[in-house]
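>>> here are the coordinates; sequence isn't available:
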């Protein structure tokens with residue numbers, strides 16, 4: 001049976017957590033000096049492609065890591081490595097139309113095999129949500145000859161039409177002025193950047209997006225009078241805005257964006273005073289926007305033949321309607337114990353944070369987020385650098401609409417960690433950003449099939465006719481249709497207001 005567009009709804013047909021282990025080796029290029037000591041690793045994974053093809057969802061990713069190390073020549077270096085990988089999940093017998101894929105890295109492990117070779121191991125897990133088209137048009141067996149020979153009861157069905165919008169390789173260039181309290185820059189070692197979504201608003205025909213890219217520029221400093229150079233860690237913040245044109249989007253749609261940053265480079269130039277205090281940052285970012293636009297259709301809840309016997313069966317269908325996109329942030333703070341401080345090899349000059357073991361729980365209006373921040377502290381003692389990682393548990397919550405049956409699609413991003421020392425203890429702070437798209441779950445009973453037989457339901461000699469009124473029909477309209485008085489109709493149907501099947505008495 002061919003389904004009309006008005007008989008179709010968009011609904012979630014599959015959720016999956018697909019994980020795979022990866023392992024690869026990286027050999028340092030000739031222009032990098034030998035590894036003396038590992039300092040820190042910056043791992044990331046970026047979704048490069050995701051699409052629905054026949055009976056599967058296919059997706060590709062780029063795994064990157066920056067390996068910061070102390071070299072044998074005592075310089076600080078950072079080698080960048082990339083690894084391409086792909087995977088898929090089967091969705092047989094599903095009419096899939098769009099898929100949302102969120103990859104994450106877990107159990108990251110770096111091993112220095114020799115002074116020029118690094119072995120990288122990790123687990124990639126992808127949270128996958130697939131939406132498809134489902135028809136609620138009933139199957140009809142037998143013939144209903146004309147519109148006059150059937151009665152139909154319909155119900156309005158609301159659902160969210162889901163679209164995944166991609167906007168890739170968007171370039172950003174920003175000049176960063178080095179403050180006077182920081183030394184001049186001699187060489188860029190690496191640039192570490194994290195995006196935090198601040199705005200995703202839908203308008204008629206477009207989506208407005210805003211984010212803040214925070215990070216740290218690691219650079220070697222210009223040598224002092226003795227020729228000694230050091231290392232500086234400069235925090236940065238780059239605001240980003242963009243408008244994505246998308247046909248069919250309106251102000252009533254609810255959208256949530258994800259952003260990945262890559263291809264980051266830094267170049268040093270002089271300021272007006274001739275000092276090396278300007279760093280030009282160039283980067284690329286991808287946008288992947290999940291947009292839900294509510295729509296309404298009419299589903300057949302009941303259908304009867306007025307002239308022949310018929311049998312019907314019903315089914316339940318479930319849908320989701322978009323209720324809103326909600327954003328919140330909270331600050332995670334903590335300090336090192338005396339025992340922790342004793343493990344440090346020098347003074348902490350910078351810190352990097354990465355989230356792990358994140359779980360969500362819902363209760364009433366609250367969405368609670370729990371997890372752990374892995375805080376990597378960069379320590380300096382003289383000209384030597386070292387690192388030490390500490391775990392900082394965190395818990396926070398955000399307010400959501402009080403809907404009895406809802407589904408929450410949360411995203412989490414972490415800002416850069418800051419570290420302060422009061423002479424006795426080190427204190428850490430880090431911002432956690434939570435974006436949540438919320439839908440309301442709905443359920444409807446619709447007609448699945450109707451079988452019309454050749455058995456005649458009534459003849460011209462029958463003393464009455466059975467009639468199935470539509471939702472808005474009153475006694476006066478029905479009586480007029482059959483040429484009887486409203487009083488005669490009410491006499492044959494004492495509880496007329498509550499009856500779904502009405503007896504039409506034979507006209508006298």
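Yes, it's here. Fair warning: this is a prediction, and the values are worked out from it, not measured in the lab.
>>> Torsion angles phi and psi at the nearest residue to residue 355 once chain neighbours are set aside?
Of all residues not flanking residue 355 in the chain, residue 414 sits nearest, at 5.0 Å (CB to CB, 6 or more residues apart in numbering). The C-beta positions use only the backbone N, C-alpha and C, and glycine is treated the same way. As for residue 414, its main-chain torsions (degrees, to the nearest 10) stand at phi -120, psi 130.
>>> Lowest average confidence across helices and strands of this structure, where is it?
strand 464-467 (a mean of 69; mean pLDDT, DSSP states H and E).
>>> residue nearest the centroid of this protein?
Taking CA atoms, centre = their mean, the centroid of the chain lies closest to residue 411, which sits 5.7 Å from it.
>>> next one: the helix or strand residue 388 falls within to chain centre, how far?
If you go by DSSP states H and E, residue 388 is part of strand 384-399. Centre-to-centre, strand 384-399 and its host chain are 23 Å apart (CA atoms, centre = their mean, to the nearest Å).
>>> which strands and helices sit next to that strand?
For strand 384-399, the packing partners by 3 or more CB pairs under 8 Å, 6 or more residues apart in numbering; DSSP states H and E come out as strand 35-53, strand 308-335, strand 366-381, strand 426-456.
>>> and residue 54, how far is that from residue 91?
Here the criterion is CB to CB, to the nearest Å. By it, residue 54 lies 9 Å from residue 91.
>>> Looking only at neighbour counts, state which of those two leads.
Between residue 54 and residue 91, residue 91 has the larger neighbour count (other CB atoms under 10 Å), namely 21 against 9.
>>> May I have the secondary structure class of residue 489?
Here residue 489 is helix, with the state taken from DSSP: H, G, I helix; E, B strand; the rest coil.
>>> quick one: it and residue 483 touch, right?
No: counting by CB atoms under 8 Å, residue 489 stays clear of residue 483, with 10.9 Å between them.
>>> These two - which one has more neighbours?
residue 489 (21 against 8).
>>> count of neighbours near the closest residue to residue 442 other than its chain neighbours?
The spatial neighbour of residue 442 that comes closest, neighbours along the chain excluded (CB to CB, 6+ apart), is residue 319 at 5.0 Å. Neighbour count of residue 319, defined by other CB under 10 Å: 23.
>>> go on, residue 55?
If you count neighbours by other CB under 10 Å, residue 55 ends up with 12.
>>> Mind pulling up the pLDDT for it?
In this model, residue 55 is scored at 84, pLDDT.
>>> State the phi and psi torsions of it.
The phi/psi pair for residue 55 (degrees, to the nearest 10) is phi -110, psi 30.
>>> Against residue 8, how distant is it?
If you go by CB to CB, the gap between residue 55 and residue 8 works out to 20 Å.
>>> got it, and residue 172?
For residue 172, the distance to residue 8 (CB to CB) stands at 40 Å.
>>> what's the answer for residue 154, then?
15 Å.
>>> okay, the two: which has more neighbours?
Per other CB under 10 Å, whichever of residue 154 and residue 8 has more neighbours is residue 8, with 20 against 16.
>>> would you say residue 341 is within a strand?
No: according to three-state DSSP, residue 341 belongs to no strand; its state is helix.
>>> any idea of the pLDDT on it?
Residue 341 is assigned 76 on the pLDDT scale.
>>> Thought residue 427 was touching it, still the case?
No: shown here, residue 341 and residue 427 do not form a contact pair, counting by CB under 8 Å, at 11.8 Å.
>>> Contacts only, for the closest residue in space to residue 345 that isn't next to it in sequence.
Ranked by CB to CB, 6+ apart and with sequence neighbours excluded, the top spatial neighbour of residue 345 is residue 386, at 4.1 Å. Residues near residue 386 by CB atoms under 8 Å, 6 or more residues apart in numbering: 37, 39, 344-346, 378-380.
>>> Identify each buried residue in the least confident helix or strand of the chain, please.
The neighbour-count check on strand 464-467 (16 or more other CB atoms under 10 Å) flags 465, 467 as buried.
>>> List the contacts of it.
151, 304, 306, 457-458, 478, 482, 492, 501-506.
>>> Most neighbours of all those residues, which one?
Neighbour-wise, these (other CB under 10 Å) top out at residue 304, 22 neighbours.
>>> For the protein, give me the ranges with low pLDDT.
The model of the chain has pLDDT under 70 over residues 1-7, 93-94, 143-148, 224-228, 457-464, 471, 496-500, 507-508.
>>> Quick one: the helices in it, in order.
With DSSP state H, the ranges of helices along the chain come out as 338-343, 475-482, 486-492.
>>> Out of these, which is closest to residue 331?
Proximity to residue 331 (CB to CB) singles out helix 338-343 among those, at 20.2 Å.
>>> Kindly tell me how buried residue 25 is, as a neighbour count.
The tally of other residues near residue 25 (other CB under 10 Å) stands at 12.
>>> residues contacting it?
Here residue 25 is in contact with 113, 117-120 (criterion: CB under 8 Å, 6+ apart).
>>> filter those residues to the buried ones?
Counted by 16+ other CB under 10 Å, the contacts of residue 25 give 118, 120 as buried.
>>> Now intersect the contacts of residue 25 with the strands, please.
Judged by DSSP state E, the subset of those located in strands is 113, 117-120.
>>> Serialize those to JSON lines and add fields for distance to residue 271.
Compiled in JSON lines, these are given as follows (distance: CB to CB, whole Å):
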{"residue": "113", "distance to residue 271": "43"}
{"residue": "117", "distance to residue 271": "41"}
{"residue": "118", "distance to residue 271": "37"}
{"residue": "119", "distance to residue 271": "43"}
{"residue": "120", "distance to residue 271": "39"}
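>>> Dihedrals phi and psi, residue 404?
Here is the backbone geometry of residue 404 (degrees, to the nearest 10): phi -60, psi -50.
>>> How much space separates it from residue 465?
Distance from residue 404 to residue 465, by CB to CB: 42 Å.
>>> One more: residue 456?
Residue 456 is 13 Å from residue 465, by CB to CB.
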